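Chemist: Have a look at this prediction, sequence included:
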Amino acid sequence: MTENEQTWPAAEMPPDGDATAAEGDELAQAVAERDAYLDQLQRSVAEFANYRRRTEQERDRAREQANTALVRDLLPVLDDLQDGLSHAPANEAESSFVDGFRLVEQKFRQVLERYGVARIESEGAPFDPSLHEAVDFEPGGDTVTAVYRQGYRAGPQVVRPAMVKVGRKQA
């Protein structure tokens, strides 16, 4: 017999049936414990993925709200710039000064478009209370006949409804 081999005296050896039953119970307990830990790990991973997704959605929603608020604050500036250009004296309409303001207005609109802000095309369109704010009426169909203040949307969200004059059907 070599050094590494150990012999058990017959009296000290556990009976074969009890040894396998004890080992089987320990193995079953270890497998159950492993399965419980694996289940906890999988649940934790899923909870973390859901948490990450929720926080990203909340961050995106907060960013959109901040952008919408900023655009809403900037639109009156664009309105004033456009009103000023529309009231330029006829003899000054082609001056470099007015052309400069036209370029500024054009860049302003381009920046808004780059961030997904688009004008709501209203004139001649059917009146839609989700897109238009009716402030004046005239006889006619249910269409927008004049636009007093341009409306804008950012994606599907209306940033500012258009202030319009609407034709009203006579009763």
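Modeler: Good, I have the coordinates. It should be emphasised that the depicted structure is a prediction, and the values quoted were computed from it without experimental measurement.
Chemist: use CA for all of it now, contacts and neighbours both
Modeler: OK.
Chemist: all helices for this protein, in order.
Modeler: Ranges of helices within the chain are 16-86, 96-114, based on DSSP state H.
Chemist: Mind listing residues that contact the last one?
Modeler: In this structure, residues lying in contact with helix 96-114 by Cα atoms under 8 Å, 6 or more residues apart in numbering are 71, 78, 81-82, 85, 88, 92-93, 118.
Chemist: Drop anything exposed from the residues you listed.
Modeler: With burial judged by 16 or more other Cα atoms under 10 Å, the buried subset of those is 71, 78, 81, 85, 118.
Chemist: Take the residues you listed and write them to TSV, including distance to residue 163 and pLDDT.
Modeler: Output for the buried ones among the contacts of helix 96-114, formatted as TSV (distance: Cα to Cα, whole Å; pLDDT from 0 to 100):
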residue	distance to residue 163	pLDDT
71	17	92
78	15	94
81	17	92
85	20	89
118	16	93
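Chemist: what's the closest of those to residue 160?
Modeler: Distance to residue 160 across these (Cα to Cα) is lowest for residue 71, with 9.3 Å.
Chemist: So that closest one versus residue 51, what's the distance?
Modeler: 30 Å (Cα to Cα, to the nearest Å).
Chemist: Ok, residue 90 next?
Modeler: Distance, residue 90 to residue 51, using Cα to Cα: 61 Å.
Chemist: Between the helices of the chain, which one is closest to residue 130.
Modeler: helix 16-86 (16.5 Å).
Chemist: Just name whatever secondary elements that closest one is in contact with.
Modeler: helix 96-114, strand 157-160 (3 or more Cα pairs under 8 Å, 6 or more residues apart in numbering; DSSP states H and E).
Chemist: Give me whichever of those is most buried.
Modeler: strand 157-160 (a mean of 19; mean count of other Cα atoms under 10 Å).
Chemist: hmm, who's touching it?
Modeler: 68, 71-72, 130-131, 151-153.
Chemist: Give the ChimeraX command for selecting the buried subset of these.
Modeler: Selection of buried members from these for ChimeraX, criterion 16+ other Cα under 10 Å:
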select :68,71,131,151,152,153
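Chemist: Residue 162 touches residue 144, doesn't it?
Modeler: No. The pair residue 162 / residue 144 is not scored as a contact, 10.1 Å apart, by Cα atoms under 8 Å.
Chemist: Residues that sit against both of those two, list them.
Modeler: residue 122.
Chemist: Where does pLDDT dip in this protein?
Modeler: 1-19, 170-171 (pLDDT under 70).
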